[in-house]
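Trainee: Kindly return the folded structure for what I paste below:
(chains A and B)
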Amino acid sequence: MGYILNDEGKDLLATVKEFCENEVKEQCKAYDVSGEWPKEIYDKAMEMGLGSLEVPEEYGGIGIDRVTISALYEEMAKADAGFYTTIAASNLGLKPVLIAGTEEQKQWACDILVNGGYGAFCLTEPMAGSDPASCKTTAVKDGDEYVLNGRKCFITNGAVAGFYVVTAATDKALGNKGISAFLIPAGTPGLSAGNEENKMGIRTSNTTDVVLEDVRVPAGAMLGKEGEGFKVAMKTLDMARTFVGCGAVGVAQRCVDEAIAYAKQRVTFGKPIGKFEAIQFMIADMEIKTETARQMVVHSLTLMDKGLDYNKESAIAKCYSGDIAVEVALDAIQILGGYGYSREYPVEKLLRDAKIFQIYEGTNQIQRIVISRAVMGKF
Amino acid sequence: MEILVCVKQVPDDSVKIGLNSSGQPAVDGVTMVANAFDTYALEMAARLKEANEGTITVVAVGPEKAKDALKSCLAVGASKAYLVSEEGLGDMDSLTTGYVLSKAVAKIEELNGAKFDIVFCGKESTDCTTGMVGPVLAERLGVGCVTGIVDISIKDGGISVKQETEDGYNVVETALPAVVTVNKPEYDPRYPTMKSKMAARKIPIDTITAADLGVEADKTVPAVKVTGLSEPPKKQAGVKINEKTFEDTMAKAMEILKEAKVF
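Mentor: Numbers count the residues shown, from 1 in each chain, chains lettered A, B, ... in the order given. Predicted coordinates:
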């Protein structure tokens, strides 16, 4: 394992593993079919404090380091990637608050997570995904208030969040520099969850449109200064990417585990298929990819912890982990053969779950732009 | 209300354990956990405490590593923990364990400055499965004991417990102090929260030695001598009955059962 955890971290990991094994892994199979958001599972997880792992100690969190958080997230993703997504996306919503919020805003948002609530980061729009600067959502100043109008889409926790971080154009003429971010409580008149996506994978997570119709918020709801929203969002994504990487590693690890378990018990030509080099080499390659992806995640988090630049490494961690998760899932299906293609066995779900890691929080094409810019510079 | 829960650290019971080359249980590398029935006892104690206030202390007799099991208990309801070091106690059976625990009860009461109202034990350990430590402890303490309970409540200054039997339940009322041993109740033990898990790591666990307890050497000589260990016999292959019709298959099955004198 790429994580070198202290005794405290190992203890927490054992607890999360036990919970995920007993309460998440098997239970989520049925929810994957129904697409229902498994509230009772999430209630138990929130009760344990799994939803607020990234809340800093000074705001009521448990104050554990990023590598330990990543190890815990991986365990969640191993059990069910949708379960991981709900929790990681909630903490994605917290990041811009911690980056640009006032003390009061930070405490307020952290309290929501510590008390078992969820956050949502609302950046993407129907015509502004990889290019968030072209957002159509507007925030118009009216006295001491802003009035927001627009529609966000593909928002994780859209219908269940206690707070929403919403980006909106305060001055369209300024492009990127005319975007501001707002911290909006659930229940604010005019803010509602729209269409819920019927997704290919991560079906235990809630993904909806978030509709803003004349949503009035006080000027104090702004995160940072007017026009800083794009910068805050980019900083958020820079950081969040590595945590997406650890989710992908979790899915990949599950693929390795399932493939090994099957290869040891499936007998063909008189011996378990795991005795054949063809299968051994496939499993070795799956392990090489999974472990290197994990190491990249840990490296990026270590840079973050040390206060060093991690922009490129975070993009590599996300991009590589997402790509190998899909590759490893395909290999797991191949090893399980016809059973791998059947919904009776767990690996087809893993492929459906793995695919999102190449798409959300910046497609892997966008990650490659980030990486190439970092190494090539502007010319 | 002062509650004591006795906990034993045992090999993870979800792992199949065989014998090693020297004929001993091959437990190397197997995770050690708090005995499942003791975790049920702790959960029951925690619920009782929450309904009636009080404190829960946990105690284990074992090696230094048994502190891990105690730490896990501190994350799910217990607020104090003591380890009775097994050093110098030699091989122990249910009788000697019950005796040592009775001495530990007296010592901890002295340290805490308060008498225990109820001592909870699991109905048995998942490794030795004797189910005797609770009753022996009660005998040594000179208090009443109810075994195999699945529910407990306070009634008229004493307790009312639901004792599971093969046919159903007995409802037993007894005065305090008392020892109870706990079977699997309808609920599962709670999970620790991340916060309680971290807080538990910071609670110091004091070690009590046999000398601290003043155990008498002649009372720690086990009455039970283990003469040998063997694995359960491997399951025999079953008989496959596959007659032409369902009726014939059933008739054949009945015939075999009759021959085996099943009825």
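Trainee: Leaving out sequence neighbours, find the closest residue to whichever residue of the stretch 151-263 of chain B sits closest to chain A.
Mentor: Going by C-beta to the nearest C-beta, chain A is nearest to B:Met194 of the stretch 151-263 of chain B, at 3.9 Å. All C-beta spots, glycine's among them, are computed from the backbone N, C-alpha and C. Spatial nearest neighbour of B:Met194, excluding adjacent residues (C-beta to C-beta, 6 or more residues apart in numbering or on different chains): A:Gly49 at 3.9 Å.
Trainee: how about the one you found, what does it touch?
Mentor: A:62, A:114, B:193-195 (C-beta atoms under 8 Å, 6 or more residues apart in numbering or on different chains).
Trainee: Repeat the analysis, applying 6 Å as the threshold.
Mentor: For A:Gly49, the residues meeting the contact criterion (C-beta atoms under 6 Å, 6 or more residues apart in numbering or on different chains) are B:193-195.
Trainee: okay, the residue of the stretch 151-263 of chain B closest to chain A: pLDDT?
Mentor: You'll see B:Met194 listed with a pLDDT of 97.
Trainee: circling back to that earlier point, roughly how far apart are the residue nearest to B:Met194 and A:Ala109?
Mentor: Separation of A:Gly49 from A:Ala109 (C-beta to C-beta, to the nearest Å): 16 Å.
Trainee: just checking, what packs against the helix or strand that A:Lys289 is a member of?
Mentor: Element membership for A:Lys289, per DSSP states H and E: helix A:277-305. Packing contacts for helix A:277-305, counted by 3 or more C-beta pairs under 6 Å, 6 or more residues apart in numbering or on different chains; DSSP states H and E, involve helix A:66-79, helix A:229-265, helix A:311-341.
Trainee: Kindly calculate the angle that the last one makes with helix A:229-265.
Mentor: Right, the one you point to is helix A:311-341. For helix A:311-341 and helix A:229-265, the angle between their directions (axes from the mean of the first three to the mean of the last three C-alpha atoms, to 10 degrees) works out to 40 degrees.
Trainee: Output the contacting helices and strands for the helix or strand following helix A:311-341.
Mentor: Next along the chain after helix A:311-341, taking DSSP H and E as the criterion, comes helix A:347-355. Contact partners of helix A:347-355 among helices and strands, from 3+ C-beta pairs under 6 Å, 6+ apart: helix A:229-265, helix A:311-341.
Trainee: Mean neighbour count and distance to A:Ala354 for the ones you listed - can I get that in CSV?
Mentor: Converted to CSV, those look like this (neighbours: other C-beta atoms under 10 Å in any protein chain shown; distance: least, C-beta to C-beta, whole Å):
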stretch, mean neighbour count, distance to A:Ala354
helix A:229-265, 24, 5
helix A:311-341, 23, 4
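Trainee: Mean pLDDT added to those, as CSV?
Mentor: Formatted as CSV, the entries for the helices and strands packed on helix A:347-355 read as follows, by pLDDT from 0 to 100:
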stretch, mean pLDDT
helix A:229-265, 97
helix A:311-341, 98
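Trainee: All the helices of the stretch 151-263 of chain B, residue numbers only.
Mentor: Assigned helices in the stretch 151-263 of chain B, in chain order: B:194-202, B:210-213, B:246-259 (criterion: DSSP state H, counting those that start in this stretch).
Trainee: ugh, typo on my part, it should be the stretch 1-150 of chain A
Mentor: A:7-19, A:27-34, A:39-48, A:66-79, A:81-100, A:103-114.
Trainee: wait, what's in contact with A:Leu237?
Mentor: With contact taken as C-beta under 6 Å, 6+ apart, A:Leu237 is in contact with A:Gly362.
Trainee: Which strand runs longest in chain B?
Mentor: Longest among the strand segments of chain B by residue count, using DSSP state E, is strand B:144-155.
Trainee: That one pairs with which strands?
Mentor: strand B:158-164 (antiparallel), strand B:178-182 (parallel) (DSSP bridges).
Trainee: Quick one: closest of these to B:Ser21.
Mentor: Judged by C-beta to C-beta, the one of the strands paired with strand B:144-155 that comes nearest to B:Ser21 is strand B:178-182, at 35.7 Å.
Trainee: Contact residues of chain A facing chain B?
Mentor: Applying C-beta under 6 Å from any C-beta of the partner chain, one finds that chain A approaches chain B through A:8, A:12, A:15, A:19, A:48-49, A:62.
Trainee: Of these - the most surrounded one?
Mentor: Taking other C-beta atoms under 10 Å in any protein chain shown to define a neighbour, the member of the residues of chain A next to chain B with the most is A:Leu12, carrying 27 neighbours.
Trainee: related to what we said a few turns ago, reformat the helices of the stretch 1-150 of chain A as CSV; add mean pLDDT.
Mentor: Shown next, in CSV, are those (pLDDT from 0 to 100):
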stretch, mean pLDDT
helix A:7-19, 95
helix A:27-34, 97
helix A:39-48, 97
helix A:66-79, 97
helix A:81-100, 98
helix A:103-114, 98
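Trainee: Please tabulate these in CSV, including the columns distance to A:Gly187.
Mentor: Listed next are these as CSV, based on distance: least, C-beta to C-beta, whole Å:
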stretch, distance to A:Gly187
helix A:7-19, 30
helix A:27-34, 26
helix A:39-48, 18
helix A:66-79, 28
helix A:81-100, 16
helix A:103-114, 12
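Trainee: just the strands in the stretch 1-150 of chain B please.
Mentor: Secondary structure of the stretch 1-150 of chain B (DSSP state E, counting those that start in this stretch): strands located at B:2-6, B:9-11, B:32-34, B:55-62, B:80-85, B:118-122, B:144-155.
Trainee: okay if I get the ones you listed as CSV plus mean neighbour count and mean pLDDT?
Mentor: Formatted as CSV, the entries for the strands of the stretch 1-150 of chain B read as follows, by neighbours: other C-beta atoms under 10 Å in any protein chain shown; pLDDT from 0 to 100:
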stretch, mean neighbour count, mean pLDDT
strand B:2-6, 26, 98
strand B:9-11, 22, 95
strand B:32-34, 21, 94
strand B:55-62, 23, 97
strand B:80-85, 22, 96
strand B:118-122, 28, 98
strand B:144-155, 18, 96
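Trainee: would you list those strands in a markdown table and tack on distance to A:Leu350?
Mentor: Supplementary listing: the strands of the stretch 1-150 of chain B in a markdown table, determined by distance: least, C-beta to C-beta, whole Å:
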| stretch | distance to A:Leu350 |
| --- | --- |
| strand B:2-6 | 41 |
| strand B:9-11 | 32 |
| strand B:32-34 | 29 |
| strand B:55-62 | 40 |
| strand B:80-85 | 41 |
| strand B:118-122 | 38 |
| strand B:144-155 | 40 |
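Trainee: quick one: which of the ones you listed is nearest A:Met200?
Mentor: It's strand B:32-34; of these, that one is closest to A:Met200 (C-beta to C-beta) at 38.8 Å.
Trainee: Is that closest one positioned near chain A?
Mentor: No: residues of strand B:32-34 contacting chain A under C-beta under 6 Å from any C-beta: none, with a closest distance of 9.8 Å.
Trainee: name the helices or strands packed onto that strand?
Mentor: The criterion is 3+ C-beta pairs under 6 Å, 6+ apart, and there are no helices or strands that strand B:32-34 contacts.
Trainee: How is the chain divided into domains?
Mentor: All of this is about chain A. Following automatic domain parsing, one gets these domains for chain A: A:7-118, A:120-225, A:231-376.
Trainee: try again with chain B
Mentor: What the record gives for chain B is the domain set B:2-220, B:233-263, from automatic domain parsing.
Trainee: Can you give the distance of the first one from its chain's centre?
Mentor: Spelled out, that is domain B:2-220. Taking the mean C-alpha point of domain B:2-220 and that of its whole chain, the gap between them comes to 6 Å (C-alpha atoms, centre = their mean, to the nearest Å).
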